[in-house]
Structure formats: structure tokens, C-alpha cells
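>>> Here is my input; please provide its structure:
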Amino acid sequence: MAHYSAQLDGVFVALADPTRRAVVRRLGHGPTSVGDLAREFPMTLPSFMKHVRTLEANGLIHTTKSGRVRTCVLNRDRLTLLHDWLEEQRRLWQDHTDRLERFVTDPQENTP
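Alright, predicted model coming up:
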């Protein structure tokens, strides 16, 4: 459970930054070179590479190098971790709101 929690924390940290979310969104359309990705953002290449390293360290993307070109690919499986956690939260809150609705609308629930 601690390993799962640490992985989930890493994904949230990686996605907390708008630049990194934009990179993930862009890579959802397909693999792209680091150079092409970096051109979309108003920052230096070394600054952009910090974002790439954060995404890669947390398993959201992986990069491959062919000659002088480094290509980024989205790791869709890693997004499953986030999807599963959000689904768990949705079920939890749905259950809470269902119980609240029964409490408010069912007079039998309100009697001691």
C-alpha cells in the first residue's frame, strides 16, 4: 500500500504543474520529439528538460534517443493508476451522497 501511495503521490506531483499537464495532453496525440515539444513553451530547453525528467521519473512518459533526437512517448498505463484512484473516490463520495439523500428523504431513517 505504501508503494501504491508513493506512486500516486508522484503522479499528482508531476501533474501539478500546468506545463507538465500540457505535455501529457500533447503526448496523448502521439509521440513527439523533445525539441518539438519545447517549442510550444516559452522557456529555455534546459528548463523544459526539468519538466521532461519529472514526468519520466514518475512514469508518465518515457523517452528514447535515436541519433540526436530524443522522442517522448506517453505511458498510458501509468494514467490507469490515477484513473483507478479517482474512480475509488467517486464511488466513496457517491455512497456518502446516497446515504445523505436517504437520510433527508426517508422519514424512517430520521426516527430514533
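
>>> for the protein, what spans make up the strands?
Applying DSSP state E to the chain gives strands spanning 32-33, 61-66, 69-74.

>>> Output the ones you listed in a markdown table, with mean pLDDT, mean neighbour count and distance to Met49 appended to each entry.
Yep, even glycine has a C-beta here, placed from its N, CA and C like the rest. Listed next are the strands of the chain as a markdown table, based on pLDDT from 0 to 100; neighbours: other C-beta atoms under 10 Å; distance: least, C-beta to C-beta, whole Å:
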| stretch | mean pLDDT | mean neighbour count | distance to Met49 |
| --- | --- | --- | --- |
| strand 32-33 | 97 | 16 | 13 |
| strand 61-66 | 96 | 14 | 10 |
| strand 69-74 | 97 | 16 | 9 |
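
>>> got those strands as a markdown table, with distance to Lys50 columns?
Formatted as a markdown table, those follow (distance: least, C-beta to C-beta, whole Å):
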| stretch | distance to Lys50 |
| --- | --- |
| strand 32-33 | 17 |
| strand 61-66 | 13 |
| strand 69-74 | 14 |
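
>>> mind checking which of those is nearest Asp17?
Proximity to Asp17 (C-beta to C-beta) singles out strand 61-66 among the strands of the chain, at 13.5 Å.

>>> which residues are contacting that closest one?
23-24, 27, 34, 52, 55-56, 70-75 (C-beta atoms under 8 Å, 6 or more residues apart in numbering).

>>> Can you tell me which of these comes closest to Asp9?
Leu55 (14.6 Å).

>>> Since that was my last question, I'll sign off now.
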